[in-house]
Each structure stands twice: as C-alpha cells, then as structure tokens.
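> Show me the folded form of this:
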Amino acid sequence: MIESIFDVVFGHHHLDTFQVLLILMVTVWGAGRITKWIGLPPVLGEILAGVLIGPSVLGVLENSEVITVLAELGVFFLMFHSGLDTHLNGFLKRAKSGSAMALGGIGFIFLLTAIWLGWFSPTNYSFLTITFVGCVFALNSLPVISSVLKSYKIRQHKIGLMTIASSVFDEIFIFIAISIVIVAAQSGSLDLITFSWILFKVGAFFGVSFILGRLLLPIVSPRILNKSGSKGFTFALIVALFYGVLAERIGLHSVVGAYVAGVFVRAEIQNNEVLKKIEDRFYGLSHSFLGPIFFASVGMMIPLSLLLESWIPVLIGTVLVFVGQVFGSGVVMKQFGFTWRESIISSSVLVGRGSTEIVLAGIGFSTIVATTGEPLIDQNLFGILIGVSFFTTLIMPILVKYLIKFNHIPKKA
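Below you'll find the predicted structure:
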C-alpha cells in the first residue's frame, strides 16, 4: 500500500538523487520525531525507518551509491562534532581508564565468543574465524554511542566522557586486531615483521596527529579559527578531512581520524563565539542531515529474512555482547572510582553497535583464507554478525533510558 503511494507520486521510473533524498529525509524526520515524542533517541526511529523503506520490507529504496556516500559523510561528521564536544585535557586524563575499560570489554567478549564458537558450536571454526567474530562482536560504534549520550544529555557528564574515551580506544584496538587477522588469513601466516609494521603505523598516526595538533595548529589557528565563523568552519572541515584520510592510510577507520581532529580543533579555538558558530554548523550538518541518513542506511542493510532463519544464534550472540560488555567494561570502570550504577550505565551505552560491524562482516565473508580456500566467515556467521549489530543497536537506547531514569543521573558532571 505505502509502496504504491510512492509509485503514484514518483512513478515507476528510477528515482533520481533529489527524490531519494526527499523520501529519506521525510521518513527519518518523521520516525525520529515519533521516537523522540515517546522519550527515546531519534537514532532508534531513524534506524527503523531505514528497515521500513529498505529492501527487506517495502523496498522503496536500496542502498545506492548516493546513500552510501552520504552515509559515510554522516558518520564522519558525527564523529568530528563529537570531537568538538571533547576537551583535550579531559580526554588525556581518561586515556588510562578509557583504554583499560575498552580492554576489559574486549577481553570478556572474546572469552565468551571463544567458549560459544569453540566449544558449543556444531561447526569446527578456526582460531582466525573465532578471533574475527570476537573482534566484530567487541567493536563499539562511536557515532551511535555519541548520539545516544547527546540525546539523553549526559555527553558532558563524567559517565559520558568516560564512555566516549573507552569507545575511542575500543575502535583503535579492534581495528589493529582486525588488520592482523585479515593479513594472517590472506597470507596463511603472520610474521613478526608484518605484526610490528601494523603496530608501528598505528603509533605513527597518533604521533603525527599529536605533533600536528600541538605544534602546527597553534601557529595557524589564531589567524583562521578565531576570526571568522565561515573561515573557521572551512578550515575545520579541511583539518577533519586530512585526519580522516591519514587514519585510513594507516589502516584505521576514518571516524577515528575525524574524532581526533575535532578534539584538536576545539583545543585551539580560543574565541567562544566562533567556537559556538562552528559547533552549530557541524551539529546541523551531522545531526539534522547526514547523520540521520547514516542511521537509516544501517537499517536498510538489514536482511530480515536472514535474521529470521538464524534467530536463535542471533539471540545468543546479542546476549553474549550485552553480558560481555556490561561485565567486562563495568568491572574495570568500578576500579576507577565509579559506582556500580554509573559503571552499569556506561558499559550499557557501550553495547551500541552500527554499520561498521556490517561492513566488517562483509569483509570477513569476502576474505578467502589462503590455507583452506574458504571464506573467513561463512554465511551463517555473516547473518549472526548482522543480526547482533542490529538488535544491540535497537535495544541499547531503550535500556539506557530506564537505567538513567531509575538512577537519577544528572545531565552534567
């Protein structure tokens, strides 16, 4: 019925770019307003809107090249804006606790994944396959987490700051591990030189980022960032893109570079009025336009038929991620002076997943293991990874809402 209405309005011909954008924006705006009205983050409605109009339900839109590009820009600018929200000194203070919290969650999720797939699965999976699945299970989604924290107005609370720091380190650790697993699968082995080279590249990225952010930006920024909102916006955009490209060249995700760029740009803007203008412009770009398209694209990637076929292992995987993340990260967070309630809320937010897991699942499915000639993950594991990513992303905002409400968490530290 709904699909036929679109046919009447737009005809049966191929939709052009502006028609695709119109359908997307109307749908995600409406769904976001509904979920916000019932007290849930708009991101939840935007993902469900993508499922509704995507190939699995109505089939109104498909993940075309236009949507893919806009979604990539969306996740990129969401993370840059999140970086603009982060104080550099505060982030550096949380480096030790954030990295420990990330490792706690990763370690416990890896342990549960190994027990499940190694001991209880009827299929005899290899060590590389189990490691790859554990990596995808353990990968947080910075854009989803940041968006939910902002929706519940705890982004600047100590819980929010700790959660963001942990999520950043989680992405760094997981992308290092993913790189190592893929190299080992494609080559049939992993020598010490290759392993050392991967670690060196990651270290080089953060070294170069710190040098540029602390030495070069302070020279350039007073002439650009603190004089004009429009010039400052353009310069900040250039810095973000540069850091994003640098991160990708190293082997990390561009969102890590975008976040780091935002942190350093904020540190060098001394004019509060200019900072507010730049933040407002990036907020509108990321949270009102490109960000919702990204979240809708996540929903459009979900093959519901595949999920229905493997709903039991998807349910097991979802529980595994929740238990592993909340217990692994929560216990570590408690050791750094947080209460059990704060630790549970923060680690529950870290359950948020996103489209990166779906992309990685596709990479694993298309990566051929040199020693066996088979894909790194089979179709069954591919469906499980997608399903777990989808359900954890949907359930997390609802769970966190009631955890915050029950524990009366203030909006700021």
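> Stretch 155-165: how far from the chain's middle?
16 Å (CA atoms, centre = their mean, to the nearest Å).
> mind starting the numbering at 14 from now?
Will do, 14 is the new start, and the previous item becomes stretch 168-178.
> outside of whichever helix or strand residue 260 is part of, which residues touch it?
Assigned by DSSP states H and E, residue 260 belongs to helix 242-263. By CB atoms under 8 Å, 6 or more residues apart in numbering, the residues outside helix 242-263 that reach it are 89-90, 93, 97, 214-215, 217-218, 221-222, 230, 233-234, 237-239, 266-271, 273-275, 277-278, 282, 286-287, 290-291, 294-295. Yep, even glycine has a C-beta here, placed from its N, CA and C like the rest.
> Any of those residues buried? List them.
Neighbour-count burial (16 or more other CB atoms under 10 Å) applied to the contacts of helix 242-263 gives 89-90, 93, 97, 215, 218, 222, 230, 234, 237-239, 266-271, 273-275, 277-278, 282, 287, 290-291, 294-295.
> Show me those that map onto helices.
89-90, 93, 97, 215, 218, 222, 230, 234, 237, 267-271, 273-275, 277-278, 287, 290-291, 294-295 (DSSP state H).
> ok so, going back, please point out which parts of the helix holding residue 260 sit buried.
Using 16+ other CB under 10 Å as the test for burial, helix 242-263 gives 242, 245-246, 248-250, 252-254, 256-257, 259-260, 263.
> Buried residues in stretch 374-393, which are they?
So stretch 374-393, judged by 16+ other CB under 10 Å, has buried residues 374, 377-378, 380, 382, 388-390.
> Could I get the pLDDT score of residue 82?
pLDDT, residue 82: 88.
> same thing with residue 40?
Note on residue 40: pLDDT of 92.
> Could you do residue 302 as well?
Per the predicted model, pLDDT is 88 at residue 302.
> ok, now the one 3 residues further on?
Per-residue confidence at residue 305 stands at 88 (pLDDT).
> burial of it, as a residue count?
When neighbours are counted by other CB atoms under 10 Å, residue 305 registers 29.
> just the buried residues of stretch 374-393 now: which is nearest residue 413?
Taking CB to CB as the measure, residue 374 is the one of the buried residues of stretch 374-393 closest to residue 413, at 24.5 Å.
> before we move on, the earlier item: make CSV from the buried residues of stretch 374-393 and add pLDDT, distance to residue 34 and secondary structure to it.
Formatted as CSV, the buried residues of stretch 374-393 follow (pLDDT from 0 to 100; distance: CB to CB, whole Å; DSSP: H, G, I helix; E, B strand; the rest coil):
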residue, pLDDT, distance to residue 34, secondary structure
374, 81, 27, helix
377, 83, 32, helix
378, 81, 30, helix
380, 81, 34, coil
382, 86, 41, coil
388, 87, 35, strand
389, 89, 36, coil
390, 89, 34, coil
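> Between all of those, which two are separated the most?
Greatest spacing in the buried residues of stretch 374-393, by CB to CB: 374 and 382 (15.7 Å).
> Check which element follows the worst-scoring helix or strand of the chain on mean pLDDT along the chain.
Least confident helix or strand, the chain: helix 15-23 with a mean of 49, by mean pLDDT, DSSP states H and E. Next along the chain after helix 15-23, taking DSSP H and E as the criterion, comes helix 30-50.
> And that following helix, how far out from the chain middle?
21 Å.
> which residues are in contact with it?
Identification of contacts with helix 30-50 by CB under 8 Å, 6+ apart yields 19, 23, 28, 54-59, 61-63, 65-66, 73-74, 77, 79-80, 164, 302, 305-306, 308-309.
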